[in-house]
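**Q** The sequence and its predicted three-dimensional model are supplied below.
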Amino acid sequence: MKILIIGNGFDLAHGLPTQYTDFLEFITKIRVINTWNENLQQYKEMHLNKNNKLKEFVKDYIENAFLKRVKPNKILEELLEFSKNNFWIKYFVNKKEYQNEGWIDFELEISHVIKNLEVFYRSVMIEKTDINNINGETKNIIKFTMNHIGNKKMLDQLDDADFNTSRKILLDDLNQLIRCLEIYVEDCLGKYKVEYVSPDIQDINFDKILSFNYTDTYRKVYQPNREAIDCNFIHGKANTLNDVETNNMVLGIDEYLDDELRDKETTFIAFKKYYQRIHKKTGCTYKDWITQIEKAPSEKHEIFIYGHSLDVTDKDVIRELIDNKNIKATIFYYNKDVYGSQIASLVRVLGQDNLINKVYGSNKTITFKEQKSMIQLKETQLEIKLDVYNLYNLYNLTNYEANALISKIRENIKLKNIEYFKTQHNVISIYDALILLGGTNLESELLTVAVEVEEVEENSPNYRLSEFNFNSWKRIDFAGEHDCDIKTMKFINYLNKNNRAKFAMMQQYQKIVDIIDSKDVNALHKGLFNYYIDDIDMLSKIMSMLFVKFDESSVITKQIWECIDVVIGKTNEIIFQEYITNEKNGTNDLILKSRLIHLQEILRKSNHDVQRNKPFDEENEPL
């Protein structure tokens, strides 16, 4: 079993602005719209055009969503409403780290607030500790919280009702913050077209994906048929069809209470990750994978970790997989700083001695690899595979997306863009998908493209061109399995016939090349019987070999010229004339020039004989 584990670094590597600071920058711009009383064009100039922190496609989203609409839709209204007076957004924005350094960790800050509320609640509300003995920072957080809910009481006058009210508001605001994050991730970032992919993982066929992200980037880019691979979104998955009640995204904190209190004190349990995972039913199907692995210890089981910090907040999940004796782990790191952080994190997760045992020796189970540079999507087959999938599922796209896809495919067919199609298999798939949509008037163009694309059978020692099976194009949909369309069968038959002929020519070509290397005139004379020369490079190689034979003292020149006569008869005349011209212009050798002039005489005589032997046409005979 091969499992890919991905964290936020995976999305960042693919160009998605998914850091908390990216979202906070976005949501603060949305909050401004709530109170903006000037012309919206001025808002664009002041808050979008001059902003260097937001990516251009995020700016475009804000402009199209709010500045060009007469009225925001339901999702955008949620975004405006939930960001308007949210405790957490206000708290994050006011943090000095964010204001001074442009950096913030939501989970760390949420934990900081909740821990201080817990300290205050137990010390002052339960144990009746003197308010003067409470830490100043704790007091400031309580004041900030009470100010948010409009409570003007002195701190030592707060009661359980005040505290329960504040806790409920903070939890409601956290859920509304998460809903805003969901809309940002899916409605905004979900429209981003990934242009670069990772060469580290593009060719690995994973059986399972364990994602700590809210996005579905891997399956969108690398596995368009999303039902074909099992993915466990352990922190939930963004979906704009949700609402604040049905959202299943986890954004919380790690357990901070000691063993004595953690099972008794549940006042702030709703803010904790493990609770949210259970309450929001994100599932832990990765545990089933572990069970399968343990039942098959003799099989090869691997995990690949990409873009995950291995932070202690996720140690319960990471440890179960990476510490399993039946699993080997490959951990990708972005740079040496990240590499160092991952090592330090694993020490906290596994323990020092355990980690050392796993990274050294012949039986090591952990390997670190530096990430390779990302490559353009169009350089891989992922782009066209995604297009083929979307073409088969055109109904599921917006009209704009569907029209853009059809135009893109038509343009690439028209241009005979081999770099786009890459393989004959992809051309057949495009054709079959178009047939499914009701036929195509692009059959001849697609055949031309397919013929020009050279596809070689994998693992073939003899460089054999592929032959295709109709069963490769069976379709499976809600109505069951459909056999290959009759038109696609004909398309495949034509291509297979062409590939067989082309392969025979390739074999013959290689045979001639081998004869040239052997410098055997008699073998060349026989070998040209079933070969037609339409390539000036091949002609040049043959003529060079024959002319070199004149250097041999024992050679019979008559045999060489007899072989040259055969070459002339087997060569396109235009190519031969081009060869003679090039050679004459490129040499001062009088002997070589004499032979080239003789070749011209042979060609001239050959053309004269052809003209003389044409049937007499009295009607067209010149006067």
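**A** Arrived safely, thanks for sending. What you see is a predicted model; the values in this text were computed from it and never measured.
**Q** Just the helices from the stretch 101-250 of the chain, written as ranges.
**A** According to DSSP state H, counting those that start in this stretch, the stretch 101-250 of the chain carries its helices in the segments 106-120, 136-148, 160-183, 217-221.
**Q** Could you export those helices as a markdown table, including distance to Asn530?
**A** C-betas here are computed from N, CA, C, even on glycine. Supplementary listing: these in a markdown table, determined by distance: least, CB to CB, whole Å:
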| stretch | distance to Asn530 |
| --- | --- |
| helix 106-120 | 73 |
| helix 136-148 | 88 |
| helix 160-183 | 67 |
| helix 217-221 | 48 |
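**Q** Mean neighbour count, distance to Ile290 and mean pLDDT for those helices - can I get that in JSON lines?
**A** Output for the helices of the stretch 101-250 of the chain, formatted as JSON lines (neighbours: other CB atoms under 10 Å; distance: least, CB to CB, whole Å; pLDDT from 0 to 100):
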{"stretch": "helix 106-120", "mean neighbour count": "18", "distance to Ile290": "25", "mean pLDDT": "90"}
{"stretch": "helix 136-148", "mean neighbour count": "16", "distance to Ile290": "40", "mean pLDDT": "90"}
{"stretch": "helix 160-183", "mean neighbour count": "19", "distance to Ile290": "28", "mean pLDDT": "93"}
{"stretch": "helix 217-221", "mean neighbour count": "20", "distance to Ile290": "20", "mean pLDDT": "91"}
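**Q** from what I can see Glu186 touches Thr240, true?
**A** Yes - with contact defined as CB atoms under 8 Å, Glu186 and Thr240 form a contacting pair (4.9 Å).
**Q** Gln559 and Asp520 touch, don't they?
**A** No - with contact defined as CB under 8 Å, Gln559 and Asp520 do not form a contacting pair (11.3 Å).
**Q** rewinding a little: out of Glu186 and Thr240, which sits in the busier spot?
**A** Comparing Glu186 with Thr240 by other CB atoms under 10 Å, the one with more neighbours is Glu186, at 20 against 15.
**Q** The closest residue to that one other than its chain neighbours - how many residues pack around it?
**A** The spatially closest residue to Glu186, leaving aside those adjacent along the chain, is Ala238, at 4.0 Å (CB to CB, 6 or more residues apart in numbering). Residue neighbour count, defined by other CB under 10 Å, stands at 24 for Ala238.
**Q** can you pull the contacts of Ala238?
**A** The neighbours of Ala238, taking CB atoms under 8 Å, 6 or more residues apart in numbering as the test, are 181-182, 185-186, 190, 214-215, 249.
**Q** right, and Asp156 touches Val124 too?
**A** Yes - here Asp156 reaches Val124: they are 7.2 Å apart, a contact under CB under 8 Å.
**Q** so what's in contact with the two at the same time?
**A** Residues within reach of Asp156 and of Val124 at once, by CB under 8 Å, 6+ apart, are Ile131.
**Q** so how far is Lys208 from the residue nearest the centre of the chain?
**A** Closest to where the C-alpha atoms of the chain average out (CA atoms, centre = their mean) is Val221, at 3.6 Å. Counting by CB to CB, to the nearest Å, the gap between Val221 and Lys208 amounts to 17 Å.
**Q** helices and strands of the chain: which one bottoms out on pLDDT?
**A** Among the secondary structure pieces of the chain, namely its helices and strands, strand 475-477 has the lowest mean (mean pLDDT, DSSP states H and E), a mean of 62.
**Q** what residues do Glu186 and Thr240 have in common as contacts?
**A** When CB under 8 Å, 6+ apart defines a contact, no residue borders Glu186 and Thr240 alike.
**Q** Okay, now the unreliable bits of the stretch 451-600 of the chain?
**A** Within the stretch 451-600 of the chain, the ranges that satisfy pLDDT under 70 run 454-466, 475-481.
**Q** What segments of it are helices?
**A** With DSSP H, counting those that start in this stretch as the definition, the stretch 451-600 of the chain shows helices at residue ranges 486-518, 521-527, 536-549, 557-569, 573-585, 590-612.
**Q** can you redo those helices as JSON lines with distance to Lys295 and mean neighbour count?
**A** Formatted as JSON lines, the helices of the stretch 451-600 of the chain follow (distance: least, CB to CB, whole Å; neighbours: other CB atoms under 10 Å):
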{"stretch": "helix 486-518", "distance to Lys295": "41", "mean neighbour count": "15"}
{"stretch": "helix 521-527", "distance to Lys295": "60", "mean neighbour count": "16"}
{"stretch": "helix 536-549", "distance to Lys295": "59", "mean neighbour count": "16"}
{"stretch": "helix 557-569", "distance to Lys295": "68", "mean neighbour count": "14"}
{"stretch": "helix 573-585", "distance to Lys295": "66", "mean neighbour count": "14"}
{"stretch": "helix 590-612", "distance to Lys295": "76", "mean neighbour count": "12"}
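**Q** Tabulate those in a markdown table, adding columns for distance to Tyr334.
**A** A markdown table is the format used below for these (distance: least, CB to CB, whole Å):
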| stretch | distance to Tyr334 |
| --- | --- |
| helix 486-518 | 43 |
| helix 521-527 | 57 |
| helix 536-549 | 46 |
| helix 557-569 | 60 |
| helix 573-585 | 53 |
| helix 590-612 | 61 |
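**Q** Cool, thanks, signing off.
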